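> let me see the structure of the following:
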Amino acid sequence: MIELALTPLPDDAPAVLTFRPPASASAAEVVACALTELESAASRLFPAWLPTAEQLEGPGGGGVPAVRALAIEQAAGSRHFGPFLADLAEQALRERAGPAHAARRRPIAGRFAPEVRAAGLARVVAESYRRASAALLVDVPAGLTGPQQLALAAAGEWLAAHGGFAVWLAGADLPDAARVAVRPVRLPEHVAELVATADDAPVAGPPPATLTYPPVEGRPRADSAAETALEAALVEAAWAAGRIWNRRYAARPYYVIDLVWHDERCAVEIDGDEHRGPRKFAHDRRRDVLLQLDGYAVLRFTNHQVLAELGQVLAHLEQYLRSRRTDAHKEKK
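All right, here's what the predicted structure looks like:
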């Protein structure tokens, strides 16, 4: 529910990522997992944190030297550590070009100390969202043993001290980690109402990802294969002009619409398995009703539909948008 309350991020909030840690009695193992996941997130968020590299096509030709030069230039005027940022930019460019290029990258973990990686990744994440800092919302699993609770608390303290992350532990209690300060959380009214009226039953399907993070405004979700695939198809379609990804809806600013064509009053939602949970489902239905009252049609597709039936999804969108444009043209006559 805290994650839902932070969508969209308040203007003065840090960039917030949700981390689901392994159950481990080793703080070093928890930290290593967090850094690996954050590094993967940074690659997927590229080029949001290096916007000057937006037009680079890939690592072929002069791509790698160019992206490294851009990273070094950005680091020179900021708090970024140039060598780390250049290596991360090269890795992200190679991964964006596909598995064959990604296999040629040199692992960053072996070239930089954990402290350097933590601080560098915190800055990159914050830069991606144009925020001053980054925070990890740690989803504490139930049933941790005493040593596992202590390890998780120690890992959180390490990430805060060396990475500069704000670390928030939410979920199950940590009675054996008494040094962790406990603070009450006041949920926004629309989220508190969901908590009071909808059960939080578990959802069948694959477990949630170890690290999840919000979309960068104006872009498809970096951690969504479905949104990324849909945008790759839409960019080639002239009829798809005017689309906006993941923009806060001004009339109801606590809602973010996955994909919208404002002129055609068409809102599109791409749903993963988590949307089948009672609270998320109730949240979605409430948002749909409010958008419809504002004159929007809401089209919903599942991740599976986009990935397995992309042609049908595109045909549906094209037909709907063309019909709306035809209707609008008739009204003007």
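
> hey, let's count contacts and neighbours off CA atoms from now on
OK.

> and the host helix or strand of Phe281, what other elements does it pack with?
For Phe281, the host element (DSSP states H and E) is helix 278-293. Contacts defined by 3 or more Cα pairs under 8 Å, 6 or more residues apart in numbering; DSSP states H and E place helix 278-293 against helix 189-197, strand 297-302.

> lowest average pLDDT across the ones you listed?
Among the helices and strands packed on helix 278-293, helix 189-197 carries the lowest mean pLDDT, at a mean of 64.

> for the helix or strand just after that helix, which strands pair with it and how are they oriented?
Counting by DSSP H and E, the next helix or strand C-terminal to helix 189-197 is strand 211-212. The pairing partners recorded for strand 211-212 under DSSP bridges are strand 15-19 (antiparallel).

> quick one: stretch 83-102 to chain centroid distance?
Relative to its parent chain, stretch 83-102 has a centroid offset of 19 Å by Cα atoms, centre = their mean, to the nearest Å.

> and what of stretch 220-229?
The chain centroid and the centroid of stretch 220-229 are separated by 9 Å under Cα atoms, centre = their mean.

> can you give me the end-to-end span of it?
9 Å (Cα to Cα, to the nearest Å).

> any idea which helix or strand comes after the helix-or-strand element of the chain with minimal mean pLDDT?
Here the helix or strand of the chain ranked lowest by mean pLDDT, DSSP states H and E is helix 99-102, holding a mean of 61. Per DSSP H and E, the first helix or strand lying C-terminal to helix 99-102 is helix 114-128.

> which strands or helices does the helix or strand that that following helix is followed by pack on?
Of the helices and strands lying after helix 114-128 in sequence (DSSP H and E), the nearest is strand 134-140. Applying 3+ Cα pairs under 8 Å, 6+ apart, one finds that strand 134-140 contacts strand 15-19, helix 114-128, strand 166-171.

> for Cys266, give me phi and psi.
Backbone geometry at Cys266, expressed as degrees, to the nearest 10, gives phi -120, psi 120.

> please name every helix or strand in contact with the lengthiest helix in the chain.
The longest helix of the chain (DSSP state H) is helix 310-332. If you count contacts as 3+ Cα pairs under 8 Å, 6+ apart, helix 310-332 packs onto no helix or strand.

> what's that helix in contact with?
Leu230, Leu234, Trp239, Ala240, Glu264, Cys266, Phe301, Gln305, Val306 (Cα atoms under 8 Å, 6 or more residues apart in numbering).

> which regions of the stretch 51-200 of the chain sit below the pLDDT cut-off?
99-105, 187-200 (pLDDT under 70).

> and the helices and strands packed on strand 134-140 as TSV, adding distance to Ala282 and mean neighbour count?
Formatted as TSV, those follow (distance: least, Cα to Cα, whole Å; neighbours: other Cα atoms under 10 Å):
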stretch	distance to Ala282	mean neighbour count
strand 15-19	21	23
helix 114-128	30	22
strand 166-171	21	19
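
> brilliant, that's me finished.
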